[in-house]
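> This is the structure alone, sequence omitted:
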DNA sequence: ATGGTCGTAAGACGA
C-alpha cells in the first residue's frame, strides 16, 4: 500500500492482533507485515512468559523496539514497534490481578509522543451473570476500572487498541437478536463499554471508516464448520483514538484473509493509519 | 442440534 502524507505529517500505521500464541504463530507475522506494513503492532494472548518471547524472529521483521508483558499459559500482551517506545510506569494493575492484560507506552510518533495502550479485556466466560459466573464479574469490573481511569485523565494524542471482547453495535455481530444473551454482546457489556468510550472521549476509529449500518467483524469462532460460509462473526477488536487525532485518520484495514491462513488465529489483524 | 475447535501443557481450563 502506498503511503501518502496527510495534514503535513507522516502517516503512522498501528495494527492490533489477538495472535493466540505468539510462539505458534510467529511465522504468520511475516504475512501480516507484508499485508499491512505496520509501524507498530500490538499483540494480545501471546501466551508466552517474557523469558521465552521470540525476540529474534520479531526483530528480523523490522521491529527494533519491543515491550512484552507475558505469563505462563494465559493472556499476555506485547507492543512491537519500528519507532522508539517507552514503558509508562504509572499505569494500573487491572483488578489487582497482575494478569498481563495491558501495556501502555509513550510512542515516538512523527508529530511528537503519542500515548498508546494495548488491552486484552477478559472474555468473561459463558454465563452473563456476575453472581453465577465470577469471570463475567471480572470483565465488568475491568471495564469499570477502565472507565474511571479514562475519565480521570482526558486523552490527548492517545490511542487505545486491543481485544476488548465486546461487540458494541448492532452490526458488530452477525445477529443482534440472537446474541443479546451471549457474552460479548449483552446490553450490560455494551453499555459498560460505551460508557468507557463516552467518558474518555474516545473515538471509534474503525467505525470512522465503516458506517454503523454495515456489518464489520474481526473474529470468527473456531467451532464453525465453515467460518467463511457461516460468517457468524463479531467485532471484538478495536482501535480508539482521542478526539485530537480523529482529523488525522487516513485509512484502515481488517485483514479478513488472515482468518483463512493455515493455522489461523480466531481473530484477524486490524490496522489504522493516522497522520500523527 | 446446548454441540462444535483451538492452545497450553500434560489434565483441565480458558476462550
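That came through fine. Computed from a prediction, not measured in an experiment: that's the story for all the values here.
> Could you list the low-pLDDT ranges of the stretch 101-250 of chain A?
For the stretch 101-250 of chain A, no stretch has pLDDT under 70.
> State the pLDDT value of residue A:8.
Residue A:8 carries a pLDDT value of 59.
> Just give the nearest non-adjacent residue to the residue of chain A found nearest DNA strand B, would you?
Closest residue of chain A to DNA strand B, C-beta to the nearest atom of the strand: residue A:21 (2.9 Å). (C-beta placed from N, C-alpha, C; glycine too.) Once flanking residues are discounted, residue A:21 sits nearest to residue A:47: 4.7 Å by C-beta to C-beta, 6 or more residues apart in numbering.
> same check, this time on residue A:171
Leaving out its chain neighbours, the residue that sits closest to residue A:171 by C-beta to C-beta, 6+ apart is residue A:215, at 5.0 Å.
> The one you found: what's it in contact with?
Residue A:215 is in contact with A:171, A:174, A:233, counting by C-beta atoms under 8 Å, 6 or more residues apart in numbering.
> Between the residues you listed, identify the one with the most neighbours.
Highest neighbour count within these, by other C-beta atoms under 10 Å: residue A:233, with 24 neighbours.
> So in terms of bridging, what pairs with that residue?
Residues in a beta bridge with residue A:233, per DSSP bridges, are residue A:220.
> got the contact list for it?
For residue A:233, the residues meeting the contact criterion (C-beta under 8 Å, 6+ apart) are A:173-174, A:215, A:217-220, A:227.
> ranges for the strands of chain A?
A:11-18, A:40-44, A:65-69, A:77-81, A:85-87, A:102-109, A:112-120, A:158-163, A:202-204, A:219-220, A:233-234, A:237-242, A:249-254, A:270-275 (DSSP state E).
> And the first one, how far out from the chain middle?
This means strand A:11-18. 9 Å (C-alpha atoms, centre = their mean, to the nearest Å).
> for the longest one, same thing?
Relative to its parent chain, strand A:112-120 has a centroid offset of 11 Å by C-alpha atoms, centre = their mean.
> partners of that strand in the sheet?
Sheet neighbours of strand A:112-120, with direction, are listed as strand A:102-109 (antiparallel), strand A:158-163 (parallel) (DSSP bridges).
> Over to the fourth one?
Sheet partners assigned to strand A:77-81 using DSSP bridges are listed as strand A:40-44 (antiparallel), strand A:65-69 (antiparallel).
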